[in-house]
Structure formats: structure tokens, C-alpha cells
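K.L.:
Provided below for reference: sequence and predicted model.
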Amino acid sequence: MPKRLKKSQIASCLLLSGMVLAIAEGQTLVDLRSQTRNVDFTAAGSTKPIKAGNTLPATCAVGEFFFLTSAPAGANVRACNPANTWTPQGNLPAVSQGTADQVLSSNGTAAQWVSLSGDITGPPASVTVNRLQGLSISSAPPSDGQVLQWNAARNQWEPTRQAGNASYVFNSQTSITIPGNLHRFGTANLIADCYDAATPPKRVEPDTVQISQTSYDVTIAFSTAQSGYCVVNGASAGGGGAVASVFGRAGAVSAQTGDYSFAQISGTADAAQLPAGIDATNIGAGTVTDTDFGYLANVTSDIQAQLNTKAAATHTNSLNGDLSGNTGAATVVGIQNRGVASTAPADGQALVWSAALGAWSPSSVASTGGASMASQLGDLAVVRSSATVLTAGANCSSATPCNVRFGYQVFSITNSATATISGGTGTAYVYVNSSGTLLVGHNLTVACSAGCVQQPGTTSFPANVIPLYSWTATNGTWDGAGGHDQRALLAAKTVAGGPGIVLTETPGQSTIAVDTGVIPTYLTATGTLIFPAIPAGNCAADLTLSVTGANPGDAVAPGWPLTLPAGVVGVMLVSNTNVVSVRLCNLTASLVQPPSGTYRATIVRNY
């Protein structure tokens, strides 16, 4: 029969059970996901519902959130989706749909749709450049070889042919023709001068000079055969050039359509070229001597009054605009209100517009009128586009590639490239390596555009490359006269024979061979031979090897198989042209059967 507990014992048990439960509750974690309901943290002193830190964890599960304390305000919350990928959470500002062919921009405070304007117009997918730095561009289509040239009268850039000198070298000829597509002036208003091949050259007077009015070909004839060169010069189709010393030649100038203005004519007028009377209103500023008065007819006293009103030859008035100083010492500082740099030009340079300087600046340019020297070629020429930019291969294109050759392989360069300097004093070396790559080696701070590779730590042209140009720089700018053309159209390499080498020259080819009198030649052949059993003290019938080039009397170095039996000896000799006989003899006292083996015959010659 069970024992009954007293009330005091029951109370003690309940107390002990409560203590055990209290201890157990202190070690148990509550699962908020399944053991809570309608949780309200509004009265909590602090709540942090997601993890936080200044760097994102490397891994995460889909649905996790993280508060990135190092992100800008408003972009702190990141969500994990997909796994191990954190995505910023937030709302993009509302933007209206806009209209067709507009682009989304910002005015600093809000997003807005705007149309393209300024120097460009049209939809973003087909933008049209209508101006350059606010200056209009003509819509006229350009022709091959034309350049964009500023037309002040129309206040716009227009396609125009380049003008320059064209030269033609000839030898023992009585007639030469310089094609219009060579001089490319696009006009028949041309002048041709010819010079002989003497040093220094002397001018040769042509018998006749004819200029085609359609093709602009210049045909020059001589009364006797001449050698030397002719130069064509003149005005482009867009305007007239100066005519020198018109009055210095016999005869008067008669007015006709297309004549040059008197501002373009220089020289003096002889008395016989002047009419009997001169209107007083046509007398300009200047001085008139007593002798000059003798050439005037019917002069009345009013001419003195006109002379008295003329300004003095010298004055102190200052000039403005494109000129500075006074009339006695004027200096041109601008062209059509565009400044001219004061940099001293180097020989052969031209005035080139520099956007960086906002002025016309002396710079080297490629010749456009036909080259008479290698240094005037446009292939891979390097020019100083601005104080910090060198441009290489401006004329290289798919239609006119710049080709370089290494051995039998030719590389074509079809794009120009630029080298921009930002610091340093030293020299840059522009060259093409054997892989056909355009490089700029330097000891400066230089960045290359697409189409070339900059190579720091270079102090000279490397071996086995094609040099183009070297250019010096001072304090982070390219020197105005620092370019040196290193292109070499003419080159030669001397090949000489050494000991044991024979060199034979034929037109267009050099043949290198071994001198057999010094270095021996070898003829060798191998073959498998099967000899019959050889009786004691006898030799077997000869077997043969074919050795191409062997001649009777040649010495033979034999090569015997390792399986040749002891007591068996052999000999090899050239028995006929291209034939080596092999003989085996048995020196033993019994019958010997030589096994099948590989035999080698070698003939050594040094003649």
C-alpha cells in the first residue's frame, strides 16, 4: 500500500518542481516565428530588425536584408536575390515619358527630357554635326582630297581643294606633262617654272606651256632635250593669286573679264604704258617727283590742292584689330579676328589652326601638291597638332593605307593615332615594330589613343623596327621645332661571305652557298643486306648500296651492323656511279652465316 505524503511534503515537492522549471526556462530560446503573435515593438527602447555593417557579406541566402552603413543615405538597404548577390533597394524618381527623339538629362535638381541642339541636331540614333564650336558647316558634299576651309564671306566651313606646289622630275626630254590630278589646283590659272639638274639649279625657259581648260594638265615643251624638274604653282579654283611685275613687262594692261584687281598687281609703270591724260582723282597717296610731273599732261592747279590734303607719311596713330603698332611698323596679330601665335616657325611649317590655343600656330603639315623628296611623303608622317598632342598617320585610311614591310610580310595601318603628353622633359620615338604595331617610346608621361601603344623607358629606337619620327618635349609640352623625320625610303644592306661561305650576286638576287673547298660535304645511305653463309677463309659475293652522287674513287666510311659475327671483316668501295659495293670475308676456320643487318656507307668530300 503506497505511502501517503503530508501536506508539507507536497508543498516542498511543488516548490522544488517550480525551481527546476525556472532553471529550465532560463536555458530555453523562444522561436519568434512560431511562438509569437501580433508582436508590437512600438514601446521598445531599441529595435534592429536586420544585420548591419560597413561591408557586404560575401555570401547570402535569397530573402536576406542587410543595412550597409558605408552607403549614401537612402541607399543603405540591400536585398539578397539571387543567392550571394546583394541588390540596392529604393525608389527611382518619377520621370515623365517625354517626346520622341529626346534624351533624359538633369538640370541639377530634377530629371528632364531635352532635344539635341547646339553643334548637333537630329534624333540620338542619327545625329548630324551642323557646326564646329558654334561655326556653321556647309552642306555641300566634298570631293576626293578636299579639306574643310573657312569662308569668311559666307561665315561657314566649306569643302575646298588644297593648293600647293607640284613638281615633276624629268631626264633628257623635250616634252613633259604634269597631270591635273597631280598638282590638284582645280584651275587653269597656273604658272610653270623649270630648272636644270645643275648645282645650284638654273632656270630653263620652256619653248611652250599649254594648260588644258578641262583636265588642267600642264604640257611643257623645250626646243632641245632637257634634264631637271618643273614646278607648277597658281591659284585654287576658289580665288586668284597675285600677279607679280605686270607693269615691268612690255605692253599695257587691257581690261577684260576675269582680270585681277590693282590691289593684286605689283611693279612699276613705264611712261610708254600710261595714257596721254590721267584723271586727278586716280592719283593716290605718295610722293611725286619733278620727273614724274613731266609724264603728266594737262595738269591744272587743282592737283596741288589735292596733294596738300594728303596725310603725312608718318604719324603716331595706333592700329587695332588684326594689326598692332602704327603704320610705320605694323604687326599682323590676327587673321579675320582670329589670333596668330607668336611662336617662331621652323623651315617648311605652315599656319595650322589650334583649337587648344584658339589661334593659328606654326606646325608641320604633309605636302599636298606632290612630293619631290622622301621627307615630303604623307605616309605615317607625325605632326604637332597642339602643344600637347602629336598626330601620327593622319593620311592613313582604308582607301590609302600606310604599308610597312618586314621581310616578306606587309602590314597595313589604316587609322591615325595621337600621343598626348602630360609631363616630363625628353624625347619620344615613334616607330613600327616587326608585328606591325605603331609604338611611341619615351621617357616622359605620354598617353596613346587607339591605334598606337606607348612604351615608357625608351631612350632610343630599338633594334629591328622601322623608325618614323623623334620629337623632343620640354616641361610637359611638345617642342614646336622638336620633330625630326626619321623615315628612310632609301636603304641598303651589305652581305659578305665569311670562311666557308660563297656569295654570288645576280640582278635582284644574292645566293649564299657553302664553300666545299673549306667545309666538307657528306653523302650517306643505309640499307638492309642479307649475306649467304661464308665458308672458312673465303669472301661472299659483293652486295650493293645505292648512294646518290657517289663517284668511283670516292673514299667510303663504312658503318657495320652490331650483329656482325666475330672473325668476319668487311670492306666498302665505290664500284660504279651512285653504287657502293659491300664485301664480307670469313677469317675463321669454320662456316659462318652472317645475320641480316643494316649497313651504312658515308662519303666525305671537301672539293
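P.N.:
Here it is on my side, so go on.
K.L.:
quick check: buried residues in stretch 569-577?
P.N.:
Taking 16 or more other C-beta atoms under 10 Å as the basis for neighbour counts, the residues of stretch 569-577 that come out buried are 570, 572, 573, 574. Backbone N, C-alpha and C define where each C-beta goes, glycine included.
K.L.:
ditto for stretch 214-230
P.N.:
Neighbour-count burial for stretch 214-230 flags 216, 217, 218, 219, 220, 222, 226, 228, 229, 230 (criterion: 16+ other C-beta under 10 Å).
K.L.:
same thing with stretch 76-85?
P.N.:
When burial is assessed from 16+ other C-beta under 10 Å, stretch 76-85 yields the following buried residues: 76, 77, 78, 79, 80.
K.L.:
does the second one touch residue 86 like I think?
P.N.:
The reference is to residue 77. No - the pair residue 77 and residue 86 fails to qualify as a contact (C-beta atoms under 8 Å) at a distance of 10.0 Å.
K.L.:
between the two, which contacts overlap?
P.N.:
With contacts taken as C-beta atoms under 8 Å, 6 or more residues apart in numbering, the residues that reach both residue 77 and residue 86 are residue 66.
K.L.:
got a list of what residue 120 touches?
P.N.:
With C-beta under 8 Å, 6+ apart, residue 120 has these contacts: 127, 128, 129, 130.
K.L.:
cutoff 10 Å now
P.N.:
127, 128, 129, 130, 131 (C-beta atoms under 10 Å, 6 or more residues apart in numbering).
K.L.:
from residue 70, how far off is it?
P.N.:
As for residue 120, its distance to residue 70 is 40 Å (criterion: C-beta to C-beta, to the nearest Å).
K.L.:
and if you look at residue 526?
P.N.:
Look at residue 526 and residue 70: by C-beta to C-beta, they are 80 Å apart.
K.L.:
those two: which is more packed in?
P.N.:
Remark: of residue 526 and residue 70, residue 526 carries more neighbours, 13 against 9, as counted by other C-beta atoms under 10 Å.
K.L.:
is the nearest residue to that one once chain neighbours are set aside in a helix, a strand, or coil?
P.N.:
If you skip the residues right next to it in sequence, residue 526 has residue 600 as its closest partner in space, 4.4 Å away by C-beta to C-beta, 6 or more residues apart in numbering. Reducing the assignment to helix, strand or coil with DSSP: H, G, I helix; E, B strand; the rest coil, the entry for residue 600 is strand.
K.L.:
what do you get for residue 181?
P.N.:
helix.
K.L.:
i'd like the first residue to be 59 from this point on
P.N.:
Sure, I'll start numbering at 59, so the last one becomes residue 239.
K.L.:
can you give me the neighbour number for it?
P.N.:
When neighbours are counted by other C-beta under 10 Å, residue 239 registers 12.
K.L.:
ok, the one 4 residues further on next?
P.N.:
Look at residue 243: counted by other C-beta under 10 Å, it has 25 neighbours.
K.L.:
can you verify it is assigned to a helix?
P.N.:
No - Residue 243 is assigned coil when assessed by three-state DSSP, not a helix.
K.L.:
circling back: which one of the buried residues of stretch 134-143 is nearest to residue 464?
P.N.:
The shortest separation between residue 464 and any of those is 55.5 Å, and it belongs to residue 136 (by C-beta to C-beta).
K.L.:
who does that closest one bridge with?
P.N.:
The residues listed as beta-bridge partners of residue 136 by DSSP bridges are residue 124, residue 146.
K.L.:
roughly how far does it sit from residue 106?
P.N.:
Computed as C-beta to C-beta, the residue 136 to residue 106 distance reads 16 Å.
K.L.:
ok now stretch 447-462, how far from the chain's centre?
P.N.:
Put simply, stretch 447-462 sits 5 Å off its chain's centre (C-alpha atoms, centre = their mean, to the nearest Å).
K.L.:
can you check stretch 195-207 too?
P.N.:
Relative to the chain's own centre, stretch 195-207 is displaced by 23 Å; criterion: C-alpha atoms, centre = their mean.
K.L.:
export it as CSV, just CAs?
P.N.:
Extracted in CSV, the C-alpha atoms of stretch 195-207 (Å, rounded to 0.1, in the frame of the first residue of the first chain):
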residue,chain,number,x,y,z
ILE,A,195,29.5,73.9,-91.8
SER,A,196,28.4,73.9,-95.4
SER,A,197,26.1,71.0,-96.5
ALA,A,198,27.8,70.8,-99.9
PRO,A,199,29.2,67.2,-100.5
PRO,A,200,33.1,67.1,-100.6
SER,A,201,35.2,65.8,-103.4
ASP,A,202,38.2,63.4,-103.1
GLY,A,203,41.2,65.2,-101.5
GLN,A,204,39.2,68.3,-100.3
VAL,A,205,39.6,69.8,-96.9
LEU,A,206,37.3,71.9,-94.7
GLN,A,207,38.3,75.6,-95.2
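K.L.:
tell me which residues in it are buried?
P.N.:
Neighbour-count burial for stretch 195-207 flags 195, 204 (criterion: 16+ other C-beta under 10 Å).
K.L.:
give the rounded mean pLDDT of it.
P.N.:
In this model, stretch 195-207 has a mean pLDDT of 78.
K.L.:
same question, stretch 396-416
P.N.:
For stretch 396-416, the per-residue pLDDT averages 80.
K.L.:
which residues does it contact?
P.N.:
Contacts with stretch 396-416, where a contact means C-beta under 10 Å, 6+ apart, come from 190-191, 208, 210, 222, 380, 389-393, 417-423, 425, 433-434, 441-447, 537-541.
K.L.:
for the lengthiest strand in the chain, packing partners?
P.N.:
For the chain, the strand reaching the highest residue count under DSSP state E is reported as strand 276-292. Under the contact definition 3 or more C-beta pairs under 10 Å, 6 or more residues apart in numbering; DSSP states H and E, strand 276-292 sits against strand 224-236, helix 238-241, strand 248-254, strand 261-262, strand 266-269.
K.L.:
sheet partners, orientation included, of the third one?
P.N.:
Taking DSSP bridges as the criterion, strand 248-254 sits next to strand 261-262 (antiparallel), strand 276-292 (antiparallel) in its sheet.
K.L.:
quick check: angle from that strand to strand 224-236?
P.N.:
Inter-element angle recorded for strand 248-254 and strand 224-236: 100 degrees (by axes from the mean of the first three to the mean of the last three C-alpha atoms, to 10 degrees).
K.L.:
can I get strand 248-254 as CSV, trimmed to CA atoms?
P.N.:
What follows is strand 248-254 as a C-alpha-only set of coordinates in CSV (Å, rounded to 0.1, in the frame of the first residue of the first chain):
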residue,chain,number,x,y,z
LEU,A,248,48.7,78.3,-113.3
ILE,A,249,52.4,79.2,-113.6
ALA,A,250,55.1,76.7,-114.6
ASP,A,251,58.8,77.2,-114.0
CYS,A,252,61.6,74.7,-114.9
TYR,A,253,65.1,74.2,-113.7
ASP,A,254,68.1,72.1,-114.9
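K.L.:
name the residues of that strand that are buried.
P.N.:
Going through strand 248-254 with 16+ other C-beta under 10 Å, the ones that come out buried are 248, 250, 251, 252, 253.
K.L.:
quick one: it to chain centroid distance?
P.N.:
For strand 248-254, the gap between its own C-alpha mean and the chain's C-alpha mean amounts to 35 Å (C-alpha atoms, centre = their mean).
K.L.:
pull the residues that contact that strand.
P.N.:
Defining contact as C-beta under 10 Å, 6+ apart, one finds that strand 248-254 is touched by 223-226, 228, 234, 236, 238, 241, 259-264, 267-269, 274, 276-278, 280, 284-293, 299, 301-302.
K.L.:
could you redo the last one with a cut-off of 8 Å?
P.N.:
With contact meaning C-beta under 8 Å, 6+ apart, strand 248-254 is reached by 236, 241, 259-264, 267, 269, 274, 276, 278, 280, 284-292.
K.L.:
is it true that residue 454 touches residue 474?
P.N.:
Yes - the criterion here is C-beta under 8 Å, and residue 454 meets it with residue 474 at 5.9 Å.
K.L.:
more neighbours: those two, which one.
P.N.:
Neighbours were tallied for residue 454 and for residue 474 using other C-beta under 10 Å; the higher tally belongs to residue 454 (23 against 20).
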